[in-house]
Structures are given as structure tokens and as C-alpha cells.
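**Q** sequence? don't have it. structure:
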């Protein structure tokens, strides 16, 4: 399984613009990405 | 951490892929939304079953499991196809459908007034749900009248599980039996409770309180998610403490406290209205809910992601504004969504200079219209900021 930059961010349902509690990017920290 | 090395990790049946303003994962049971990038979208689309023994320790997979996007299964699930058509911006996320105008109650504050005879044909509702699904919609809310008075309600209930959307029922609760409660394919049921016995029955009629409370208990006993909606009025002002105690006992997480809208039967019952400052105080103290489908997002005023279907087939921006966009027999949901008039926050002439506009977001446009100007102030929202 080759891993690229995976991004996933939990957003508040009705208001993604003003409420971004946190973001998770899965790449360098786990070494999964190919680019 | 993935520890056992047998079986599969499979996409949770409640989770689906959508393309809103961005690619997303939506959990229809919890209403959680995850913004993802194209790589994550492709990964989930193409890896709905992953053999556990093929996964090395992986922070990304661990996260998907933690958020219940993937679940451990002994056998692979059937691969699902998602209709991934990018939605317009702003996206249509919420559709409120007034299934019928029929109602078993005659509440003093009903914004719809005396019920008419309109009901949507079942086939039309089914077509709407199909259109909503392909429009990447998230939630459909069924209202009335009383939605349980809709002749085809149980036929409709049968087809709901096949959709990748969540469903909410807005009901007075009086018709819900123990059997009904165990058969609902609805993700959340919002019940109107306008006080304890005295306050509730003053607005809704003699004998309604016990029926509503029984309905709530039946729903909770059958493990349904229940929220409560309460309108502030002169005869329930001293009942909020008691209501809070009752709802805490029932472990109700979402309590929406509002002021009745100046529409329908309430226009002739203003003697029972409390002033907006008093209402704002109660709302601020007891309401445990965000704006829900009516919320303002981005640069737009209230109801950014909401469209309403009335029981006569007319589309409108919300249940209150008389801005008939067109009728479903002549216009698709997609076209209605394009045609909807959108009010930007910058157009709210009286609000845009205000320092708190990002907090109140201009409030409700119907309240503003009733106050004299749809682009003006919503007096209740202003009071909410001041209390």
C-alpha cells in the first residue's frame, strides 16, 4: 500500500469556515507519503 | 493501534463520501463531518475493505478507526458506489420537507396557522430524496403539520435506510406509541415541549402534556436520539427550572429554546408573548443547541445550506419566508437551489457596521422582515447579544 499525503479534518457540521477545531495531516510524521 | 492480524477493516455503513465545497466523509448517525483531500477520498473509495494483516502500524488508519469511519469486520462488506458529483457553493446540505399540513393539535403559536389540506404525494417525496442524495445532501428534516399524520409516513420510513443521509423528524410527540418508537428509521426526533403541564397545555391543549411525555419516553426506551424544542411564552416562564431537571433526568443533549415567530396563529395571540429581552434571557440560559439547519455560514446570512419544500410542492428559502422559488412539478431540486435568493452578511445594512455581526450573524431574516426590512435588524438577535 503506497501512501500519499492524507488529510482529514473534523469540521463542525454547519460551519466549516469559522470552526476548525483541529486538522490532522498524515504524511511525514508517519512516513507514509510518496510525494 | 491495530493489534489483531485477522479480518477486515471496513468502511462504517453510516459513513459516506460526499463532495460539498470540499471532499467529505459524513457520518449520518452522529452527524459528524470530515473534510478530506483528494488522496483520502480516493483511498476510501477504493479501499472499503482492508485486510488487517496487510496494514502496518499506521497513524492514519488508527485515526479512521478512532473516529469510527472504519470498523473491524470478520467478513468484507459489499463495495458501495457513491454519487460523487460536486455540489454548488454554498452546498445544499439540509432539506426541510413539510410532508402534510394536517395536524392533530391547534397550538396557539403555530406559525403555519390553521391547517390546509395539502400533502405531498409519496412518489414526489421519494423523488425529492433521490435528488437530495445526488445533490450531496446531508440531512432531511420531516415536518408538518404533524408529520405522523402524513398518510404515507410509514411507507416513507421503510425506504430511509438506503440513503446516505440523516433524517430528522419534527413532531409534537403525542402520536408516538411504543411500537412506533421501535420502528422509526430516523436519526433524531425533535419533540416540541412548551413547558411543564400548565405551560405546555396552555399552548397546545388539554391532555397534550402526558401524551407528549409518554412519546418522549417511548422514543428514549427504544434508544432513539431525541432533542427538545421549546417556545418561550408568558405561561411557561417559571417552568424552565423544572423542565431542565426533567430533561437532565432524560439525558436530553440538545434543547432548542426559541421565541415564537410572528406568523400564523401567533399573530392573533400576542397577549401571551413575553418581551424579547426576557425571551433572550431564557434562551441564553437554557438553550443547548447551535443554529442547526438555519445557521449562517461563510459570507451568507441564516439558512446558508437550507432549502424548504412546502406541503403544496413549493420550494422556499425557509418555512417562514414567503419567497416561493417555484413548484416541484415544474422545477428540479437542483434548479430550485440555484434560484434561491441568498442574502450576504455584507448586504445587512444595519448589521454590517456592528462589531458583533460575526457573533449573531444577523440573526433571522424573517424576524428582520417582520421588523420592517428583510435586510435590517432582527430585534431578538440584538437582544441575545446584549443579555
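**A** Yep, that arrived. Note that the structure is a prediction, hence the values are computed from the model and not measured.

**Q** Hmm, residue B:326 is touching residue B:334, no?
**A** No. Taking C-beta atoms under 8 Å as the contact criterion, residue B:326 and residue B:334 are not neighbours in contact, 11.7 Å apart. Quick note: C-beta positions are derived from backbone N, CA and C, even for glycine.

**Q** Flag the shaky bits of the chain, pLDDT-wise.
**A** Since you didn't name a chain, this refers to chain A. Residues of chain A that meet the criterion pLDDT under 70 lie in A:1-3, A:12-35.

**Q** was after chain B, sorry
**A** B:1-5, B:57.

**Q** got the residues of it near chain A?
**A** Chain B comes close to chain A at residues B:21-22, B:25, B:31-37, B:39-40, B:43, B:54-55, B:58-60, B:63-64, B:67, B:93, B:138, B:290-293, B:295, B:297-298, B:305, B:358, as judged by C-beta under 8 Å from any C-beta of the partner chain.

**Q** run the last query once more with 6 Å
**A** Residues of chain B that fall close to chain A, judged by C-beta under 6 Å from any C-beta of the partner chain: B:31, B:33-37, B:39-40, B:59-60, B:295, B:297-298.

**Q** ok and the residue in the stretch 101-250 of chain B nearest chain A?
**A** With C-beta to the nearest C-beta, the shortest gap between the stretch 101-250 of chain B and chain A falls at residue B:138, namely 7.4 Å.

**Q** Quick check: chain neighbours aside, which residue is closest to that residue?
**A** For residue B:138, the nearest residue in space outside its immediate sequence neighbours is residue B:93; the separation is 4.4 Å by C-beta to C-beta, 6 or more residues apart in numbering or on different chains.

**Q** And residue B:331, by the same measure?
**A** Taking C-beta to C-beta, 6+ apart as the measure, residue B:331 lies nearest to residue B:315, with 6.8 Å between them; neighbours along the chain are not counted.

**Q** How about residues contacting the helix or strand in which that neighbour is found?
**A** When secondary structure is defined by DSSP states H and E, residue B:315 falls within strand B:314-316. Under the contact criterion C-beta atoms under 6 Å, 6 or more residues apart in numbering or on different chains, strand B:314-316 has outside partners B:308, B:323-327, B:336.

**Q** Tell me the one of these nearest residue B:351?
**A** Distances from residue B:351 to those, taken as C-beta to C-beta, are shortest for residue B:323 (19.7 Å).

**Q** how close does that closest one sit to residue B:342?
**A** As for residue B:323, its distance to residue B:342 is 11 Å (criterion: C-beta to C-beta, to the nearest Å).

**Q** quick one: which of those two has more around it?
**A** Higher neighbour count among residue B:323 and residue B:342: residue B:323, with 16 against 12, using other C-beta atoms under 10 Å in any protein chain shown.

**Q** correct me, but the more buried one touches residue B:308?
**A** No. Distance between residue B:323 and residue B:308: 9.8 Å, which falls outside the contact criterion (C-beta atoms under 6 Å).

**Q** residues in contact with residue B:282?
**A** Counting by C-beta under 6 Å, 6+ apart, residue B:282 touches B:232, B:240.

**Q** ok, so of the contacts of strand B:314-316, who is nearest chain A?
**A** Top of the list for closeness to chain A, among the contacts of strand B:314-316 and by C-beta to the nearest C-beta, is residue B:308 at 16.1 Å.

**Q** returning to what we had before: ranking by neighbours, what's the top pick from the contacts of strand B:314-316?
**A** Ranked by neighbour count (other C-beta under 10 Å), the contacts of strand B:314-316 have residue B:308 at the top, with 25 neighbours.

**Q** Determine the set of other helices and strands touching the strand or helix carrying it.
**A** For residue B:308, the host element (DSSP H and E) is strand B:306-309. For strand B:306-309, the packing partners by 3 or more C-beta pairs under 6 Å, 6 or more residues apart in numbering or on different chains; DSSP states H and E come out as strand B:94-98.

**Q** just how off-centre is the strand it packs on within its chain?
**A** 8 Å (C-alpha atoms, centre = their mean, to the nearest Å).

**Q** Any chance you could list what contacts that strand?
**A** Applying C-beta under 6 Å, 6+ apart, the contact partners of strand B:94-98 are B:132, B:137, B:139-143, B:293, B:305-311.

**Q** Can you tell me which of those are buried?
**A** Taking 16 or more other C-beta atoms under 10 Å in any protein chain shown as the criterion, what is buried in these is B:132, B:137, B:139-143, B:293, B:305-311.

**Q** Just want the angle from the host helix or strand of residue B:131 to strand B:94-98.
**A** Secondary structure from DSSP H and E places residue B:131 in helix B:122-134. Put simply, helix B:122-134 runs at 170 degrees to strand B:94-98, going by axes from the mean of the first three to the mean of the last three C-alpha atoms, to 10 degrees.

**Q** Need the contact partners of helix B:122-134.
**A** Contacts to helix B:122-134, defined as C-beta under 6 Å, 6+ apart, come from residues B:83, B:95, B:152, B:155, B:163, B:333.

**Q** Is the fourth one located within a strand, as I assumed?
**A** So that's residue B:155. No. The secondary structure assignment for residue B:155 gives helix rather than a strand, going by DSSP: H, G, I helix; E, B strand; the rest coil.
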